[in-house]
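Q: This is the structure alone, sequence omitted:
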Ligand SMILES: [Zn+2]
């Protein structure tokens, strides 16, 4: 049994001045506790939250006697989490500052400090007693409430001072049982499409990632250059525009839709999903125009990993097992004969058997074979390149043609199409 956790953010309605003032006082006290605790933790190299609490509880209680005592607990947790992640960044050389500065604060609440009050209200314990806050539920919130998730006992709130609202971070949890898979769905993530193989049928989701990823990269760069020149590197204006760009990008985000469909099919059939371990796709044709090799690598890896991660996340939610195989040469070798495939473009010819392969379909079959010849289960497969191709149906050209799903088609779908309906787009593709 695994526990899956998701954060859902809602906003309160506009609060009365008197209530909001109380919350500001609460935040001030909480912030100064966290600041002191962070300083103390770093200076004394304290590793655990329990130790920190043991050392500082009484002092904090005497400093803030009117505050409910559990705020000391959550402030200790908050502080030790901040210190841990700061030290991790510092080890990797990624910390922006030499010292840890507490800038943004959200108030951590445990089950003694807040209670749900019906489905659209919460109560929060403050230094002046309990206050009730109502929030504006949205579609996503209701979906979690109505589909077997339960609210965790911890939550966070942040003050939106401009609009006099609270931003509430709920955590929803669900226990998920991972099943024993009855089969596999191999997934091959490429620069411009995602290929999957379901019961011998290959499907190709066209993603158009190539243009999207590069386009956003250049737009971001342009904005940076323009605003840095006018307002300096740290301007608010730039941040604001960048944020908008990010939001728009998120809306266009297709990876969640792909993940939904693939995981949905896997769950329905009780199959495991097989992905390639990372490391492939380094020098990629699509990004050749970008001269800086490192940059090219980073951009591509990010989008590639993004799709994998979306699949992994969704899979966790549904208890769909995910396996990983060695990505080497998955598209270069014939799944049947184990020899080379000679490619002209997306399709190529097996040098031994002479059969025609679509590159991404060959990759899918190879991923599947590697999963099958692993330890029979769905742990990561340690095998090399000598796979037994006997499960691959012997080729007629038709067998190895994927069913192409143009972006406009599949982004509106929730499942895979029947083969009959898809043959047209298949022909179109070729
Ligand atoms: Zn062959």
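A: In hand now; what should we look at? Values in this document were obtained by computation on a predicted structure and should not be read as measured data.

Q: Write out the residues of this protein neighbouring the ion.
A: For the chain, the residues in contact with the ion (CB under 5 Å from the ion) are 334, 336, 337, 350, 353. (Each C-beta comes from the backbone N, C-alpha and C, glycine too.)

Q: Hmm, residue 334 and the fourth one touching each other?
A: Translated: residue 350. Yes: using CB atoms under 8 Å, residue 350 is in contact with residue 334, at 4.2 Å.

Q: residues shared between the contacts of those two?
A: Counting by CB atoms under 8 Å, 6 or more residues apart in numbering, the contacts common to residue 350 and residue 334 are 340, 341, 357.

Q: Of those residues, keep whichever come out buried.
A: 341, 357 (16 or more other CB atoms under 10 Å).

Q: In helices, which of the shared contacts of residue 350 and residue 334 fall?
A: Taking DSSP state H, every one of the shared contacts of residue 350 and residue 334 sits outside helices.

Q: hey, what's residue 174 bridged with?
A: For residue 174, the beta-bridge partners are residue 4 (DSSP bridges).

Q: check contacts around it.
A: Taking CB under 8 Å, 6+ apart, we find residue 174 in contact with 3, 4, 148, 149, 150, 317.

Q: Just put the residues you listed in JSON lines and tack on neighbour count.
A: Formatted as JSON lines, the contacts of residue 174 follow (neighbours: other CB atoms under 10 Å):
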{"residue": "3", "neighbour count": "10"}
{"residue": "4", "neighbour count": "15"}
{"residue": "148", "neighbour count": "10"}
{"residue": "149", "neighbour count": "19"}
{"residue": "150", "neighbour count": "12"}
{"residue": "317", "neighbour count": "17"}
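
Q: hey, where'd the strands end up in the stretch 201-350 of the chain?
A: Using DSSP state E, counting those that start in this stretch, the strands found in the stretch 201-350 of the chain span residues 201-206, 272-276, 322-325, 341-343, 347-350.

Q: in the longest one, what's buried?
A: Spelled out, that is strand 201-206. Residues of strand 201-206 classed as buried: 202, 203, 204, 205, 206 (neighbour count, 16+ other CB under 10 Å).

Q: now stretch 4-20
A: Buried, per 16+ other CB under 10 Å, within stretch 4-20: 8, 10, 11, 12, 15, 19, 20.

Q: what sits up against it?
A: Applying CB under 8 Å, 6+ apart, the external contacts of stretch 4-20 come out as 23, 131, 133-138, 140-141, 144, 149, 152, 159-160, 163-176, 316-317.

Q: Now, these that are in helices?
A: Residues of these located in helices (DSSP H): 23, 140, 141, 144, 316, 317.

Q: neighbour-wise, which of these leads?
A: Among these, the one with the most neighbours (other CB atoms under 10 Å) is residue 23, at 21 neighbours.

Q: quick one: contacts for it?
A: Contact partners of residue 23, counting by CB under 8 Å, 6+ apart, are 15, 124, 126, 131, 157, 159, 166.

Q: Looking at the buried residues of strand 201-206, which is nearest the ion?
A: residue 202 (16.0 Å; CB to the ion).

Q: Surely the closest one is in contact with residue 404?
A: No: the criterion here is CB under 8 Å, and residue 202 misses it with residue 404 at 9.5 Å.

Q: mind showing which ranges of the stretch 51-200 of the chain have poor pLDDT?
A: Of all residues in the stretch 51-200 of the chain, none has pLDDT under 70.

Q: Would you mind giving the buried residues of strand 201-206 as JSON lines with pLDDT added?
A: Shown next, in JSON lines, are those (pLDDT from 0 to 100):
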{"residue": "202", "pLDDT": "90"}
{"residue": "203", "pLDDT": "91"}
{"residue": "204", "pLDDT": "89"}
{"residue": "205", "pLDDT": "87"}
{"residue": "206", "pLDDT": "83"}
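
Q: For the stretch 51-200 of the chain, which segments are assigned as helices?
A: Using DSSP state H, counting those that start in this stretch, the helices assigned to the stretch 51-200 of the chain run over residues 70-91, 139-146.

Q: Packed most tightly, which of those helices would that be?
A: Burial of these is given as mean neighbour count (mean count of other CB atoms under 10 Å); helix 70-91 ranks first at a mean of 19.

Q: picking up where we left off before, write the PyMOL selection for whichever of the residues of the chain next to the ion are buried.
A: This is the PyMOL syntax for the buried subset of those, where burial follows 16+ other CB under 10 Å:
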select buried, resi 334+336+337+350+353
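
Q: could the residues of the chain next to the ion be laid out in JSON lines, adding distance to residue 181 and pLDDT?
A: Shown next, in JSON lines, are these (distance: CB to CB, whole Å; pLDDT from 0 to 100):
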{"residue": "334", "distance to residue 181": "26", "pLDDT": "91"}
{"residue": "336", "distance to residue 181": "24", "pLDDT": "88"}
{"residue": "337", "distance to residue 181": "27", "pLDDT": "88"}
{"residue": "350", "distance to residue 181": "29", "pLDDT": "91"}
{"residue": "353", "distance to residue 181": "30", "pLDDT": "88"}
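
Q: so of the residues of the chain next to the ion, which ones are in helices?
A: Here DSSP H is the test, and the residues of the chain next to the ion give no hits in helices at all.

Q: now, which of the residues of the chain next to the ion sits nearest residue 369?
A: Using CB to CB, residue 336 comes nearest to residue 369 of the residues of the chain next to the ion, at 9.6 Å.

Q: Surely the closest one touches residue 354?
A: No: using CB under 8 Å, residue 336 is not in contact with residue 354; the gap is 11.0 Å.

Q: which residues are in contact with stretch 111-124?
A: By CB under 8 Å, 6+ apart, stretch 111-124 touches 23, 68, 70-71, 74, 109, 125, 130-137, 145, 151, 153-155, 157, 168.

Q: Tell me who's in contact with residue 179.
A: 270, 319, 320, 321.

Q: Looking at those, which one is closest to residue 191?
A: Residue 191 lies nearest to residue 320 out of the contacts of residue 179, by CB to CB, at 25.1 Å.

Q: Where do the domain boundaries of this structure fall?
A: Domain assignment for the chain by automatic domain parsing gives 2-176, 184-207+256-429, 210-253.

Q: so how far is the first one off the chain centroid?
A: Going by CA atoms, centre = their mean, to the nearest Å, the spacing between the C-alpha centre of domain 2-176 and its chain's C-alpha centre is 23 Å.

Q: Which per-residue confidence value corresponds to residue 390?
A: Per-residue pLDDT puts residue 390 at 57.

Q: The one 10 residues further on now?
A: At residue 400 the predicted local confidence, pLDDT, stands at 67.
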